[in-house]
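A.B. asks: prediction below, plus the sequence it came from.
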Amino acid sequence: TLFQGLMSGEKCVLTLCIGDKHISPIDGVCSAIVAACNEHLKICKKASDGVNVLPIYMTAVLPMTREEFNGSDVEAFLKKRGIGYDVLIFLDDVEEVMGLSEQSQTDPNFAARIDLVHVTGPPPTTSAATPTAGSCGLNVSWGGFTLLEQLGLLVPSRCGPAIFLGPIDGTDSKEPAMKEGLRLVREAMLELTQQLDPKLEGTLWNRTDSDLVDAIGAILKGSPTVRRS
């Protein structure tokens, strides 16, 4: 759909969620995919609020080239989870498009506005009371935490846990992308932290990250959340 939007000639927005190439490849790739889910939910929220927006085409951009991806640990990780090579967008696929982003913001000759979303971790905080999801360096954890927040904005509070018993994106769609996004967050976090290895607590993960893994696990099973002891 991204390239369909480019070729359509209609007024639209192209949103590219670009992973961080300076972190673990699995984290960079998965956090980019989750960021695209978050951007999708922002559009759903505007639609539910009655806000008129231009057609938006969006995709995650994996922070590597196709050559770097081939045969990598990331390819094996995604393949095990049913995410195929044919649906992925890489840096070398959109390098030229990304270079036109600044010009597209002001040039009236551009039908498409190209927005670049660079995926990051949580903002810095001085609070020591409760660690922030992802504050030990896992961008995918922060993305998962934000995804749950966005989902909550789309569903009346009276629904409570029922949000996860039906269409998970809150739009009455059959598309399972949001649920699979949460599953990817959980599995990436477990992979990156070696199944939440206690020896790595405080280095690669913190208590909030652990709670997020438990919460998503309970959501996917349709069970009440139980805090890890």
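C.D. replies: Sure thing, it's come through.

A.B. asks: correct me if wrong, but residue 60 is in a helix.
C.D. replies: No - with DSSP: H, G, I helix; E, B strand; the rest coil as the criterion, residue 60 is located in strand rather than a helix.

A.B. asks: for residue 144, see how far away it is.
C.D. replies: 14 Å (Cβ to Cβ, to the nearest Å). (Glycine included, C-beta is placed from N, CA and C.)

A.B. asks: what's the distance between residue 214 and residue 149?
C.D. replies: 17 Å.

A.B. asks: who has more neighbours out of those two?
C.D. replies: Comparing residue 214 with residue 149 by other Cβ atoms under 10 Å, the one with more neighbours is residue 214, at 16 against 11.

A.B. asks: where's the more buried one, which helix or strand?
C.D. replies: If you go by DSSP states H and E, residue 214 is part of helix 207-221.

A.B. asks: strands of this structure, start to end?
C.D. replies: 12-18, 56-62, 89-90, 112-118 (DSSP state E).

A.B. asks: for residue 88, what are phi and psi?
C.D. replies: Backbone torsions of residue 88, given as degrees, to the nearest 10, read phi -100, psi 150.

A.B. asks: contact partners for the closest residue to it other than its chain neighbours?
C.D. replies: Residue nearest to residue 88 in three dimensions, not counting chain neighbours: residue 62, with 5.8 Å by Cβ to Cβ, 6 or more residues apart in numbering. Contact analysis of residue 62 by Cβ atoms under 8 Å, 6 or more residues apart in numbering lists 19, 28, 29, 32, 69, 74, 88, 89, 90, 91.

A.B. asks: ok, residue 187 next?
C.D. replies: Contact partners of residue 187, counting by Cβ under 8 Å, 6+ apart, are residue 81.

A.B. asks: distance of residue 110 relative to residue 68?
C.D. replies: Noted for residue 110: a distance of 30 Å to residue 68, by Cβ to Cβ.
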